[in-house]
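*Asks:* here is my input, please return the structure:
(one chain, ligands or ions: 2)
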Amino acid sequence: MKLKTFHGATMADALAQVKREFGRQAVILNTRTLTRGSVLGIGGKPYVEITAARRMSDLPAPLRRGTLPVGPRGGRRAEGAAQPVSGTTRVKEYAPRSTSSDAVLSEVSALREMVSELVRETRRAQASQLPSELYDTYQRLVSNAVADEAAGQLVSEVRQQLSAADLQDPKVVRAKLADLIRPMLPVAGPIRITTTGEPYIVALTGPTGVGKTTTIAKLAANFRLRENRKVGLITIDTYRIAAVQQLQTYAEIIDVPLEVAASADQLKNAVANLSDCDVILIDTAGRSQRDRSRLRQLHGFFTVVKPHEIHLVLSSTCSVRVLNETIERFREVGIDRVIFTKLDEALGFGVMLGCLQKADAKLSYITTGQDVPSDIAVGESRALARLILGEREVKQGKVVSLP
Ligand SMILES: Nc1nc2c(ncn2[C@@H]2O[C@H](COP(=O)(O)OP(=O)(O)OP(=O)(O)O)[C@@H](O)[C@H]2O)c(=O)[nH]1
Ligand SMILES: [Mg+2]
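*Replies:* Ligands and ions are numbered 1, 2, ... in the order given. Predicted coordinates:
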C-alpha cells in the first residue's frame, strides 16, 4: 500500500499530474493550499499539496471514507482547477510505517478490510452482470450461505431457462430455483431394514459433538416405539466414560440393550450378542477430521464388522470449508449416507449444497433440535430446497413454511 503526496505549481497542474501518474482510478485524499517562507503570515510562496492513491482499494478503511475519485465527475478536480496557485512542484512518496505492534495490528486490520472490500466488490461485480430481477434472488441465496459461485451458477441457469416474462415473476423464479436445487440434494429415505434372520447394522460416524449419540437415541426410540422393532445399541466410544454413560441412559429409557466394545474383536462379539435384534445402531467416538490415525483405527473396526450402512453425521452449523474437509477425511472410513444435524442452529442452510456431491452419498435424516425422539426427520429434497431459498424455517424442531 503506497500513498503519494504531490506538491504542484497550480492545483490544476498537480491534479493533471496525479491523473497522469495514477490513472483514471486515482483517488484524492486531501488538497491543501499552504504558504512557505512567510514571516508572521506576511510574504512567502503559496503552494498546493495533494495526497492521492492509485485506487480506492489501496487505502485502509478509515482513509477510504470521505474520498473522491479523480474522474470526469470528480468534484474536487473542478474545485481545485478553479484555484490557480503558483509555487514549486515536489513529489513525495511514502509508505505507512510499522514501528510498533499497534501499527502492525492496524495494518493487519486495514488489510483485512481491504480483502473483505475486495470480496464485496467481486460480489457486486458478479451481481452487476445480473438482470435486476435476479439480483434479489442472488442476494437471498448468498445471505443463506450458498457459496458465491454456486449462487451465480444457479441464477445464470435460471436466466437461461426462463423467458424474459417469467423472469419478472418471483414465484416462477423461485419455483425454477427449487427445481434446480432439488437434484443437488439427493435423498435416500429412512433406514430400511432389509436383512432377515440377522441384524441390519448401521453405524454413525463424524466429528466431535455433531450429535451422533443424540441421533442414535432418536433413531433407536423411533425404531423401538413407532416401528416396534428389536433394537440393539453398541458404542465403540470408550475414550470418555461420560460417552458410555450418555448412551447407557438413553438405552435404559428406551429399554434396549447396549454393548460396549473397545476393540474390533469386542465389536464382533457385541454384534453376536445382539444377533436376535432387527437393527443394531453403532455409536462411534467423535473423531477430529484431522486425526488421521484415529480415523484409520475406526476404519479398522469396520473392516472386521462391516456395517450395512455408514452414516456420516455433519453439523449444519459448520462452515463449507470444515464440512468439505470432514467429508474428505471421513471418506476413508466409508460414507453411505449423510445426516445433517442442528438445522435449528444453522445460520445458513446453503452450506448443505454441494456436500452430498462431495461425499458421493445421499441424505438420510436431518435433525432439528435436542429433543429425543422428536427432533429428527427423514431428509426431503423439496423441504431442504425451500429452506435454502429462505421460504421455510426451522421452528420448534420442525421445518415449517414461513408465515
Ligand atoms: N440444537 C441442536 N442440538 C443438538 C442436535 N443434535 C444434538 N444436539 C446437541 O449437541 C450436543 C452434542 O450431542 P452429542 O449427541 O453428544 O454429539 P456427539 O457427536 O455424540 O459428540 P461426541 O460423542 O462427543 O463426538 C448435545 O448437547 C446435543 O443435545 C440438534 O439437532 N440441534
Ligand atoms: Mg457421542
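*Asks:* what about the residue of the stretch 1-150 of the chain found nearest ligand 1, neighbour count?
*Replies:* Here the stretch 1-150 of the chain gets closest to ligand 1 at one residue, A145, 17.0 Å apart by Cβ to the nearest ligand atom. Glycine gets a C-beta too; all of them are placed from N, C-alpha and C. Residues near A145, counting by other Cβ atoms under 10 Å, number 19.
*Asks:* list the contacts of the closest residue to it other than its chain neighbours.
*Replies:* Nearest non-adjacent residue to A145, counting by Cβ to Cβ, 6 or more residues apart in numbering: G348, 2.4 Å away. Each residue near G348 by Cβ atoms under 8 Å, 6 or more residues apart in numbering is listed here: 143-146.
*Asks:* thought the residue of the stretch 1-150 of the chain closest to ligand 1 was touching L347?
*Replies:* Yes: look at A145 against L347 with Cβ atoms under 8 Å: they come within range, at 6.5 Å.
*Asks:* buried among the contacts of G348? Need that as a selection in ChimeraX.
*Replies:* Buried members of the contacts of G348, defined by 16 or more other Cβ atoms under 10 Å, are picked up in ChimeraX with:
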select :144,145,146
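*Asks:* find the residue closest to the residue of the stretch 301-403 of the chain found nearest ligand 2 in space, skipping its chain neighbours.
*Replies:* Nearest to ligand 2 in the stretch 301-403 of the chain, going by Cβ to the ion, is V313, at a distance of 9.5 Å. Nearest in space to V313, with sequence neighbours left out and distances taken as Cβ to Cβ, 6+ apart, is G206 at 3.5 Å.
*Asks:* how many other residues sit next to the one you found?
*Replies:* Counted with other Cβ under 10 Å, G206 comes out at 25.
*Asks:* how near is it to L323?
*Replies:* 11 Å (Cβ to Cβ, to the nearest Å).
*Asks:* who touches both of these two?
*Replies:* Residues touching both G206 and L323 by Cβ under 8 Å, 6+ apart: L314.
*Asks:* related to what we said a few turns ago, surely the residue nearest to V313 meets F330?
*Replies:* Yes: G206 is within contact range of F330, at 7.1 Å (criterion: Cβ under 8 Å).
*Asks:* what do those two both touch?
*Replies:* 287, 312.
*Asks:* near ligand 1 at all, stretch 343-351?
*Replies:* Yes: applying Cβ under 6 Å from any ligand atom, one finds stretch 343-351 touching ligand 1 at 344-345.
*Asks:* paired strands for whichever strand or helix holds V313, with orientation please.
*Replies:* Using DSSP states H and E, V313 maps to strand 309-315. Neighbouring strands of strand 309-315 in its sheet, by DSSP bridges, are strand 200-205 (parallel), strand 337-341 (parallel).
*Asks:* let me know which of those is the nearest to T249.
*Replies:* strand 200-205 (17.3 Å; Cβ to Cβ).
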